[in-house]
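S.K.: The sequence and its predicted three-dimensional model are supplied below.
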Amino acid sequence: MIGFPLGATTTLAELASDPHPRLARLRAHEPVSWLPELNGWLVTRRDLALDVMRDAETFTVDDPRFSTAQVVGPSMLSLDGDEHTRHREPFTAPFRPREVRDGFAEFIERETDRLVTALEPAGAAELRRGFAGPLAVAVVTEALGLVGAGTDTVLSWYDAIVRTVSDLTAGRTAGPAGPEAYAELRTAVEATVAEKDTTSLLASAADRLALPEVASNAAVLMFGGIETTEAMITNALLHLLRHPDQLALVQADSALLGGAIEESLRLEPGAAVVDRYATRDITLGPASIHKGDLVTVSLTGANRDPAVFPDPDRFDVRRANARLQLAFAHGPHYCLAAHLARLETRIALRHLLDRLPALRLDPAHPTAPYGLVFRKPPTLHVLWG
């Protein structure tokens, strides 16, 4: 593919480790660029990203190459049109704003309190897996009504599925761990449905979907719920602790906490990219895309578009338009549990900042977000007191 010299020299390793300088150059000069290492197009400009995500007829997820579907089968994440609606609709009710607040706030407060209370005496902790991950697992397990699976078990399933999806997206051969983890999750879903507890979201979904469809969608919700929230909490805390001036603003005015979360989502969306496949030949920006081509939207790139976000690399908790970020995607595949993820992150950060005095990064363990598909710090070591 000629005419895209920046794309030709862009590596997946660079996009995983430090993508922002490269994405800025692509956005300015090749906003839709052919990347040989990706064997597809990368879209980095916000307006073009929206064009792709809004038009599910032209840019579909329903393709056998879609990485998540290769692991868990067809689901709301990998279907479009009427089938997408049929898979998604049985799961929507608990995730509307009022239902989220009424159904989950008390549970999240209680679980967050329990986790922080266990951490408090130590004066030091690794908060990604010592706090953010367990909280996300507890909430998504509660939301689904999944029985008989503890936090460690669910986290191990999640790790294996994430690793497999990331390997497939990067063009690597994936091992058996992801499918094995999904098989265990499916067994747990079947056991939950068999109990016929009418308060369980999984059991109610089984009234409208076949059991394999309930299992695949449960995997997507669990996978997305853990990934989104673990990344949101960890990335937001890292941004605040790296910018003491912004942290001081939030501590002086708790109303700015929501802005801090949105700004963190803008700078480092937990899911860095979403994949689509062209159903017809089409021109998108400077690119002539052919039917069947992979079209990857860089949410990370779109979220730093200076045409929408002035001084886009700056973390500003008072940024007026931060909620225009696309971390939860857009269009028919907008994240189902976005309201729940925001609520969890807000409660989690409030507890951490209120109860761990002089919270700060541990200089002995420097860290930074990393990942091609899913971006967050591998660890987040902090000190307090």
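M.R.: Okay, I see it. Since the model is a prediction, treat every value here as computed from it, not as a measurement.
S.K.: and S288, helix, strand or coil?
M.R.: Following DSSP: H, G, I helix; E, B strand; the rest coil, S288 is assigned to strand.
S.K.: go on, V382?
M.R.: strand.
S.K.: Distance of it relative to I347?
M.R.: V382 sits 18 Å away from I347, going by CB to CB, to the nearest Å. (Each C-beta comes from the backbone N, C-alpha and C, glycine too.)
S.K.: Likewise for G103?
M.R.: Note on G103: its distance to I347, by CB to CB, is 14 Å.
S.K.: who's more crowded, those two?
M.R.: Legend: neighbour count by other CB atoms under 10 Å for G103 and I347, higher for I347 (21 against 16).
S.K.: Off-centre distance for the helix or strand where T117 lies?
M.R.: According to DSSP states H and E, T117 maps onto helix 97-119. Mean-position distance between helix 97-119 and its chain equals 20 Å (CA atoms, centre = their mean, to the nearest Å).
S.K.: A24 contacts R304, correct?
M.R.: Yes: here A24 lies in contact with R304, judged by CB atoms under 8 Å, at a distance of 6.8 Å.
S.K.: More neighbours: the two, which one.
M.R.: Per other CB under 10 Å, whichever of A24 and R304 has more neighbours is R304, with 22 against 17.
S.K.: hang on, the more buried one in a strand?
M.R.: No: looking at R304 with three-state DSSP, it is coil, so not inside a strand.
S.K.: got a list of what it touches?
M.R.: If a contact means CB atoms under 8 Å, 6 or more residues apart in numbering, then R304 has 20, 23-24, 27, 266-267, 312-313 as its contacts.
S.K.: and if you look at V100?
M.R.: V100 touches 94, 339-340, 343, counting by CB under 8 Å, 6+ apart.
S.K.: before we move on, what about L257?
M.R.: So L257 contacts 250, 346, 349-350 (CB under 8 Å, 6+ apart).
S.K.: all strands in this structure, in order from the N-terminus.
M.R.: For the chain, applying DSSP state E gives strands covering 32-35, 40-43, 59-60, 124-126, 273-278, 282-284, 287-289, 294-298, 360-361, 381-383.
S.K.: CSV for the ones you listed, including mean pLDDT?
M.R.: Compiled in CSV, these are given as follows (pLDDT from 0 to 100):
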stretch, mean pLDDT
strand 32-35, 98
strand 40-43, 98
strand 59-60, 98
strand 124-126, 98
strand 273-278, 97
strand 282-284, 98
strand 287-289, 97
strand 294-298, 98
strand 360-361, 98
strand 381-383, 98
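S.K.: Of these, which stretch is the most buried?
M.R.: With neighbours taken as mean count of other CB atoms under 10 Å, these reach their highest mean count in strand 40-43, at a mean of 26.
S.K.: Identify the neighbouring strands of that strand in the sheet and state each direction.
M.R.: Taking DSSP bridges as the criterion, strand 40-43 pairs within the sheet with strand 32-35 (antiparallel), strand 294-298 (parallel).
S.K.: Redo those as a markdown table? Include distance to R172.
M.R.: As requested, the strands paired with strand 40-43 are exported to a markdown table (distance: least, CB to CB, whole Å):
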| stretch | distance to R172 |
| --- | --- |
| strand 32-35 | 16 |
| strand 294-298 | 16 |
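S.K.: for these, which one sits closest to A132?
M.R.: With CB to CB as the measure, strand 294-298 is the member of those nearest A132 (24.1 Å).
S.K.: can you list contacts of the closest one?
M.R.: 19, 23, 38-44, 49, 52-53, 59, 65, 272-278, 284, 289.
S.K.: Try it again at 6 Å.
M.R.: For strand 294-298, contacts defined as CB atoms under 6 Å, 6 or more residues apart in numbering pick out 23, 40-44, 49, 52, 59, 273-276, 278.
S.K.: how about it as PDB, C-alpha atoms only?
M.R.: Only the C-alpha atoms of strand 294-298 are listed here, as PDB (Å, rounded to 0.1, in the frame of the first residue of the first chain):
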ATOM      1  CA  LEU A 294      -9.600  -4.200   8.600                       C
ATOM      2  CA  VAL A 295     -10.300  -0.700   9.900                       C
ATOM      3  CA  THR A 296      -9.000  -0.100  13.400                       C
ATOM      4  CA  VAL A 297     -10.100   3.000  15.300                       C
ATOM      5  CA  SER A 298      -7.600   4.400  17.700                       C
END
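S.K.: Give me the angle between that strand and strand 273-278.
M.R.: Following axes from the mean of the first three to the mean of the last three CA atoms, to 10 degrees, one obtains 150 degrees for the angle between strand 294-298 and strand 273-278.
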